[in-house]
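J.: what would the 3D arrangement of this be:
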Amino acid sequence: MAKMNKKMAAALAAVNAYLMQEEEAAYQAQLLAAKSVAPAGPSLWAIAGRQDIMNFRRLIQMKAF
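T.: Numbering: from 1, shown residues only. Now for the predicted structure:
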């Protein structure tokens, strides 16, 4: 009977260890996903470049050149 209890305890410990590993892996994946979030909007250089393009097109439409 004691041998059966030891086997049961070993099996339960193995299942518990497996569940803990799965939980840790899910937590690590969640942290990695949180770090790889895209920046919130275009950079200031991109905005300035687009603004210059719009200004140049407006000048061409007004035939300033």
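
J.: distance from the helix or strand harbouring residue 22 to the middle of the chain?
T.: Secondary structure assigned from DSSP states H and E places residue 22 in helix 2-35. From the chain centre to the centre of helix 2-35 is a distance of 24 Å (C-alpha atoms, centre = their mean, to the nearest Å).

J.: what's the first helix or strand after it?
T.: helix 44-61.

J.: gap between the residue most central in space within the chain and residue 40?
T.: Closest to where the C-alpha atoms of the chain average out (C-alpha atoms, centre = their mean) is residue 33, at 2.3 Å. Residue 33 sits 16 Å away from residue 40, going by C-beta to C-beta, to the nearest Å. Glycine gets a C-beta too; all of them are placed from N, C-alpha and C.

J.: residue 15 too?
T.: For residue 15 relative to residue 40 (C-beta to C-beta), the value is 43 Å.

J.: the more surrounded of those two?
T.: residue 15 (10 against 5; other C-beta atoms under 10 Å).

J.: kindly provide the distance from the more buried one to residue 3.
T.: In terms of C-beta to C-beta, residue 15 sits 19 Å off from residue 3.

J.: repeat that for residue 34.
T.: 47 Å.

J.: low-confidence stretches in this protein?
T.: 37-39, 65 (pLDDT under 70).

J.: change it to 90
T.: 1-5, 31-43, 62-65 (pLDDT under 90).

J.: residue 49 - how many residues pack around it?
T.: Residue 49 has 12 nearby residues by other C-beta under 10 Å.

J.: please name the residues that touch it.
T.: Neighbour list for residue 49: empty [criterion: C-beta atoms under 8 Å, 6 or more residues apart in numbering].

J.: could you redo the last one with a cut-off of 10 Å?
T.: 42, 43 (C-beta atoms under 10 Å, 6 or more residues apart in numbering).

J.: one step back: now the helix holding residue 22: buried residues?
T.: Buried residues in helix 2-35, counted by 16 or more other C-beta atoms under 10 Å: none are found.
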